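Peer 1: Sharing a sequence plus its predicted fold:
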Amino acid sequence: MYMGSLTLLRLYTALQLMLLLTPPILNGLRAEPTLQFDVERQISKFYNLTSIKSYSLNDLNWTLISWKTMEDVVIIRGEWEAGTFEGYTSDSRLKNITLHMAAIAFLPVETEAQVGLICALHTEDHMLSVDHSIYIRLCREYGIPILLYGEKAEDWESMGYTGRNDLIHIGYYAAYLLNKDSAWNVLTGNFALALARTQSYAITLLQRICGKIGVKIDMVGFYGGSKEGYAQWFASTMDDRILISSPVGFQMENLTACIEYMFKQWGNYNPYLPEGKPQPIDLAPIYNFLTTTPQGRVVEQALSIARRMDKLKAEIYIIGGDVCGYNMHDGRNYPLGCETEFLESLKCEWRYVMAVNNSEKEFLNDNRLEAMVQLTLNPKLVETWPKIESTSIEEREGSVRVKAYISGNVTEAYLMYGLSKDKVWNSPNVRWTSVRLEKIGEEQWVSPWIHPPEDTEMVYFVRAVQSGDPARIDSSPVKFYNELPDKRCSWNPRCVPGLPCIDSSLEPGEIINIEYISTEPPVKGGRYGVAVFYVDFWSTAHRGSRIGARLYIPVGRAEYSMGWPLKIFMHGFGGPGYDYWYYPFTDNWKSRGNDVGMTFASYGFVCLNPWVSGAGPSEPFQKYSPLTTWENCKVCFDSFKALQNIPEYMRKEGLDREYGLDLEFDYERIVFSTHCVSSALLIEFAHQYTIEKHPETEGLRVLVADSFLPSVAYTIRYILPFIFNTTGERAFLSLVLWAGPIWCLAEDQGWDKSTFFTHQAIKAFSAPTQTPAGIMSLMRASQLEPLSKSMAGIKTWPYFRKIFGSEATGQQMATEIFTSPILELASKHESFEEILSDPFYRKYFARSDPFFEENIEPFSPDIPLYVAVTGVESDSITPPGYRAENICLPKIETLKDWGWMVHYKYNPDKDICTWEGEGLKWILENLEKELYGSRVKTASAPWTILLFVAVLTLAAILLAALLRKLRREESTHKPPHIFIDCWNIQI
C-alpha cells in the first residue's frame with residue numbers, strides 16, 4: 001500500500017485540481033431499489049455497499065467550498081450527497097428526497113496513517129458550531145485524517161419537519177403500519193436506516209478526499225451519537241471498513257426490551273420526556289406488533305441491533321451513554337437499564353463510558369474521542385484497557401456492598417449508585433452517589449457497606465479508570481437491587497385513547513357514562529330546543545365493546561301523553577377516519593349525523609346516534625368497517641337496549657333536573673333509520689329483527705333509509721364503469737373512495753391488504769398520520785367523501801400521478817391500486833350473475849351484500865320502510881338520477897318482491913333527504929300517520945288545541961240535546977237536511 005509524506009505545496013496543487021474537478025449537481029444516479037420480500041436482501045440492496053465503496057467524488061456530487069491551513073492541518077469544507085430517501089412528509093405524503101450533506105475534513109500536512117476518523121454530527125449547524133480546535137489538535141498530534149459531517153436543513157424542511165427527530169419517530173410507525181399484515185417493506189420511512197447508509201457514504205468520501213492527496217485510507221474509527229448512534233451500530237453490521245465503532249447516546253439496541261423497560265418504570269406516561277417524544281403508551285401498538293406477530297418478529301430481526309449481533313464487523317466498540325438522569329440526553333429518550341441484557345450478551349470487544357451528570361460529560365466525551373483515536377491507530381491498546389468482567393452485590397443486615405472483577409491496568413475504581421422511590425430514574429428527585437472501591441485481591445475490588453432505605457430501589461454500576469492522557473475508562477452495565485414492583489402500560493388494542501377502557505363485560509345496552517355537551521335552539525320550523533349529550537354504552541359487538549353515541553333530547557314536555565317517540569340513526573361512511581377529527585377527540589361535536597339528530601329532536605323525537613363498532617369513539621379502536629354488517633348490527637340492537645336504560649341513569653345523575661328534561665320515553669313508537677353506506681346494515685338489521693326474537697325492538701314501528709345506494713355488486717355493475725371511463729383526479733378520488741370500505745373490511749377481518757391492494761398503494765395509504773386520536777395510517781385517518789375533501793385521495797394523487805400521468809383513465813389507475821382478483825371482479829360488470837358467482841366476491845364480499853337471493857334468504861319484516869331517494873348527489877361522477885334509477889329503485893323493487901312494504905319519495909332533479917326540505921315534510925307526515933294515527937294529544941298541548949277540543953266538546957253536548965228533541969218529534973216531522981248532514985261530519 002502506498003504510504004507517503006505530503007508537502008504543503010503538493011497538497012495545495014492537489015486541492016487546486018479538486019476545485020477544477022468539482023462536478024455539477026447530478027441527479028438520478030442512485031435509483032430506488034425494487035422491493036424484495038426477503039427483508040435482509042431488501043436491506044442489502046438498499047444499502048448497496050459494493051456500489052458505495054466504488055463511488056468517486058463525482059458520484060458523491062462533491063462540491064469543494066473552501067480550504068485553508070491552520071497549525072499544519074489543512075481544513076477542507078464541502079458539500080456532498082448521500083443517495084436518496086423515500087419517506088413520508090409531515091402531512092402524510094410519500095416523497096423521495098436526495099440527502100444533502102456538509103462536511104469538514106481535517107488533513108495532516110504529513111501523515112503515514114492508513115486509517116481515518118469520522119464523526120457524524122447530525123446537522124450542518126452542529127458541525128459548524130463544535131469546537132474545531134479539538135479535531136485540529138488530534139489531527140496534528142496523531143497524524144490522522146478526520147472527517148466531520150452533518151445534514152443540511154433543506155432535507156427535513158422539504159419534508160415539512162422542524163428537525164430530524166420527527167423523521168426518526170415517524171420511522172417507527174412506518175415500519176409498523178407498512179408491515180402489520182406481512183413483512184414486505186422495512187425501507188420506506190426508515191430514516192435511521194438511511195442515516196446508517198450515509199455513514200458508509202462518508203467513509204467513501206474520506207477515502208476519496210485522502211486519495212486526492214496521495215493517502216490511502218482502508219479503515220476508520222467512526223463516532224455517531226443518539227440517532228447516529230443507532231446508525232453506527234447498524235452500519236457496523238454492514239460495512240467492514242469500520243475498525244473502531246463508537247455508538248454513543250443510544251440505549252435502544254434491544255428495541256423490544258427498551259419498550260418493556262418503559263412500561264415497567266414509567267407505565268403509560270413519563271412527564272420528564274420532551275414534548276413530542278413518543279410516550280410508552282404511544283409505542284405499545286408497535287411493541288405488540290413486534291412481539292406477538294410473525295411479521296413483527298421479522299421486522300425486529302432485521303432492524304433491532306440485538307438481533308444483528310452476529311453481523312457486527314468492527315474490531316472494538318467504545319460505547320458511550322449516561323444514567324438516563326433528569327435533563328440528560330439519554331434520560332430524555334430511554335429508560336435506565338434497558339440495554340443491560342444486550343451488553344451482557346455482547347461477544348465482541350467493547351468498553352463503556354457512562355456519565356452520571358452533565359457536568360462530567362464534556363470531559364468524558366473529549367477523553368473518549370482521543371482514546372478512540374489511539375485505538376484506531378493501534379487496536380492492540382485495548383489489551384491493557386480496564387475491563388469490568390463482572391459485578392455482584394452482597395447483603396448483610398440491611399446493608400449492601402458491591403464486588404467487581406476488573407482486568408487490565410486499573411488505577412482506581414468507583415461504585416456509582418442512585419436511589420428511587422418510584423422507578424422513574426429521569427426524575428429530578430434521583431441523586432447519584434460515588435464511592436471509591438478498594439482492591440482486595442487479584443482483579444478483585446469491593447465497595448464500602450452502604451445502607452439503602454427499605455422502600456427504595458437502588459441502581460448501580462462500577463467505573464474503572466486507568467489514569468493517563470487520555471484516561472481509559474470502562475463502566476459495567478447497570479444493575480438493580482431491591483426492585484420495586486413493576487408498573488404496567490394499560491394500553492389495550494380495543495380501547496380508544498383518552499376514553500374509559502372497560503376490561504370486564506357489562507350487560508348489553510348498559511350505560512357507562514353520559515356527559516352533557518350543549519343545549520341548542522330548534523332548527524328552522526322546529527318546536528323544541530335540543531339538549532345534546534354524549535353517551536357510552538356496552539355492546540356485544542366484537543365480543544364486547546364500549547360504544548359511543550350522541551343523544552338528542554327535546555327540551556320541554558312531550559306532545560303526547562305516552563312520552564317522546566324515539567329514533568335511532570346509523571351513520572353513513574364519510575371515510576375510515578372521518579370521526580377522529582371531531583368530538584370527543586376535539587371540541588367540535590357537530591359532525592356527521594348532527595343535522596339528523598338536531599332536526600328530529602326539534603320536531604319532538606329523542607334521537608340516539610351511535611357510532612358503529614370501531615368508528616370514532618366506539619370500540620374496537622380503528623376497526624370501523626361499514627361492510628362488517630353482522631357486527632355493526634349488534635350495535636343496532638344494543639342501541640334499543642341503551643334507550644331503555646338512559647332515563648334511569650340520567651335521573652340518577654340529576655341530569656333531568658339540571659337541564660329541564662322530560663324523560664318519558666315512548667318505547668312503543670320507535671323509528672330506526674340509516675344513511676348511505678349503512679343501507680346493507682339496514683337489511684341485516686331487518687333480517688335479524690324478522691327471524692329472531694328481540695324483545696327490545698317490540699316498539700319498532702318504522703324503518704327509514706336515506707341515500708339507499710351502497711352495495712358491492714351494484715357498485716361493480718353500475719358505478720365502476722363510470723369511474724373507469726373518467727380521467728384525471730376525479731377518477732382517482734373515486735377509486736380511493738371505493739378502496740376505503742375494502743381497506744376497512746380487510747383490517748377488521750385480519751386479512752392481508754395485499755390480497756386487495758398493490759404494494760405501492762399500501763405504501764401510499766399507510767403513511768403515518770397524526771390525528772387527534774393518535775398516529776394511524778393515512779387511509780384509516782381519512783375522510784373520503786365528498787370527493788373534494790378526500791384526504792387520502794388528495795394526498796396520494798401527486799404520487800400516483802407520477803406513475804400513470806394526470807390524464808389516465810380510471811381503468812388505467814385501478815391497475816396501479818388494486819390486485820388482479822379485484823380487477824377481474826371489476827371487469828364482470830356486464831351482469832349480476834357474473835359478479836355474484838365470482839369466487840373472489842363470494843369469499844370476501846357476499847356476506848356484506850344482502851340485497852340478493854344468492855347472499856340472503858328473502859324475507860319481509862312486518863313494518864314499513866320509507867326511502868328518501870337521492871336524485872342529484874353533490875360531487876358525484878354519475879349524472880342526475882343515474883344511481884337512483886339503476887341502484888336504489890331496483891333495490892326497492894327487489895324488496896317489494898320479497899314482500900316488503902316500501903314507500904319512497906323521488907325527484908331525479910333533487911337531492912331528497914329526510915332531515916330537510918320536502919323530504920323532511922314528507923317523512924314527518926308519514927311518521928305521524930304510522931306512529932299515532934288519530935290518537936288524542938296530552939293536556940300539555942298548545943292552548944289553541946285545548947280551546948279547539950273544548951269547542952268541539954260543547955258542540956257535541958248541544959248536538960246531543962238537539963237530537964233527543966228531534967227524536968221526540970220524528971213521528972210527525974221530517975228532520976231538516978242540514979241536521980241529517982251533520983251525521984256525516986267526522987271529527
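Peer 2: Perfect, thanks for sending it.

Peer 1: what's the neighbour count on residue 462?
Peer 2: Using other C-beta atoms under 10 Å, the number of residues around residue 462 comes to 26. C-beta coordinates here come from the backbone N, C-alpha and C atoms, glycine included.

Peer 1: Can you spell out which helices and strands pack onto the helix or strand hosting it?
Peer 2: Using DSSP states H and E, residue 462 sits within strand 457-466. Using 3 or more C-beta pairs under 8 Å, 6 or more residues apart in numbering; DSSP states H and E as the contact test, the elements touching strand 457-466 are strand 387-396, strand 399-407, strand 412-420, strand 472-475, strand 479-481.

Peer 1: For stretch 419-431, C-alpha coordinates in CSV please.
Peer 2: Only the C-alpha atoms of stretch 419-431 are listed here, as CSV (Å, rounded to 0.1, in the frame of the first residue of the first chain):
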residue,chain,number,x,y,z
LEU,A,419,-31.9,5.6,44.7
SER,A,420,-35.5,6.0,43.7
LYS,A,421,-38.9,5.5,45.3
ASP,A,422,-40.9,5.3,42.1
LYS,A,423,-38.5,3.7,39.4
VAL,A,424,-38.6,7.0,37.4
TRP,A,425,-34.8,7.4,37.0
ASN,A,426,-35.1,10.6,34.9
SER,A,427,-36.9,12.4,37.8
PRO,A,428,-35.2,15.4,39.3
ASN,A,429,-35.6,13.6,42.7
VAL,A,430,-32.9,11.0,41.8
ARG,A,431,-29.4,11.6,43.2
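
Peer 1: Check which residues of that stretch are buried.
Peer 2: Buried residues in stretch 419-431, counted by 16 or more other C-beta atoms under 10 Å: 419-420, 423-427, 430.

Peer 1: if we can go back for a sec, out of the helices and strands packed on strand 457-466, flag the one nearest residue 662.
Peer 2: Closest to residue 662 of the helices and strands packed on strand 457-466 is strand 412-420 (C-beta to C-beta; 56.9 Å).

Peer 1: what pairs with the closest one, and is each one parallel or antiparallel?
Peer 2: Using DSSP bridges, the strands paired with strand 412-420 are strand 432-436 (antiparallel), strand 457-466 (antiparallel).

Peer 1: For those strands, give me CSV that also has mean pLDDT and distance to residue 848.
Peer 2: Below are those laid out as CSV (pLDDT from 0 to 100; distance: least, C-beta to C-beta, whole Å):
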stretch, mean pLDDT, distance to residue 848
strand 432-436, 98, 61
strand 457-466, 98, 54
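
Peer 1: highest average neighbour count across those strands?
Peer 2: strand 457-466 (a mean of 22; mean count of other C-beta atoms under 10 Å).

Peer 1: and the angle from that one to strand 387-396?
Peer 2: Between strand 457-466 and strand 387-396, the angle comes out at 140 degrees (axes from the mean of the first three to the mean of the last three C-alpha atoms, to 10 degrees).

Peer 1: CA atoms of strand 457-466 as PDB?
Peer 2: Provided in PDB are the C-alpha atoms of strand 457-466 (Å, rounded to 0.1, in the frame of the first residue of the first chain):
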ATOM      1  CA  GLU A 457     -34.900   0.800  44.700                       C
ATOM      2  CA  MET A 458     -31.200   1.000  44.100                       C
ATOM      3  CA  VAL A 459     -29.400   1.100  40.700                       C
ATOM      4  CA  TYR A 460     -25.700   0.800  40.400                       C
ATOM      5  CA  PHE A 461     -22.700   0.300  38.100                       C
ATOM      6  CA  VAL A 462     -18.900   0.300  38.500                       C
ATOM      7  CA  ARG A 463     -16.500   2.600  36.800                       C
ATOM      8  CA  ALA A 464     -12.800   1.600  36.300                       C
ATOM      9  CA  VAL A 465     -10.200   4.100  35.300                       C
ATOM     10  CA  GLN A 466      -6.600   3.800  34.000                       C
END
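
Peer 1: Just the angle for it relative to strand 399-407, thanks.
Peer 2: Using the same axes, to 10 degrees: strand 457-466 against strand 399-407 is 30 degrees.

Peer 1: low pLDDT regions in this structure?
Peer 2: Applying pLDDT under 70 to the chain flags residues 1-37, 934-987.

Peer 1: any idea how it splits into domains?
Peer 2: For the chain, the structural domains run 1-161+184-217, 396-481, 943-982, going by automatic domain parsing.

Peer 1: Give the bridge partners for the spatially most central residue of the chain, please.
Peer 2: In the chain, the C-alpha nearest the mean C-alpha coordinate belongs to residue 776, at 1.8 Å (C-alpha atoms, centre = their mean). Note on residue 776: beta-bridge partners residue 769, judged by DSSP bridges.

Peer 1: What residues does it make contact with?
Peer 2: Contact partners of residue 776, counting by C-beta atoms under 8 Å, 6 or more residues apart in numbering, are 177, 577, 580, 622, 768-769.

Peer 1: Repeat that for residue 286.
Peer 2: Neighbours of residue 286 in contact, by C-beta under 8 Å, 6+ apart: 172-173, 175-176, 259.

Peer 1: and what of residue 771?
Peer 2: Residues near residue 771 by C-beta under 8 Å, 6+ apart: 577, 580-581, 585, 781.

Peer 1: ditto for residue 913
Peer 2: 706-707, 868, 870, 919-920.

Peer 1: Assumed it was part of a helix.
Peer 2: No: under DSSP: H, G, I helix; E, B strand; the rest coil, residue 913 falls outside any helix and is assigned coil.

Peer 1: Roughly how far does it sit from residue 868?
Peer 2: 5 Å (C-beta to C-beta, to the nearest Å).

Peer 1: Can you check which residues contact both of those two?
Peer 2: Contacts common to residue 913 and residue 868, judged by C-beta under 8 Å, 6+ apart, are 706-707, 919.

Peer 1: Drop anything exposed from those residues.
Peer 2: Those of these that meet the buried threshold are 706-707, 919, by 16+ other C-beta under 10 Å.

Peer 1: Among those, which lie within helices?
Peer 2: Among those, the residues falling in helices (DSSP state H) are residue 919.

Peer 1: Quickly name whichever of the buried ones among the shared contacts of residue 913 and residue 868 is closest to residue 354.
Peer 2: Here the nearest of these to residue 354, counting by C-beta to C-beta, is residue 707; it sits at 64.5 Å.
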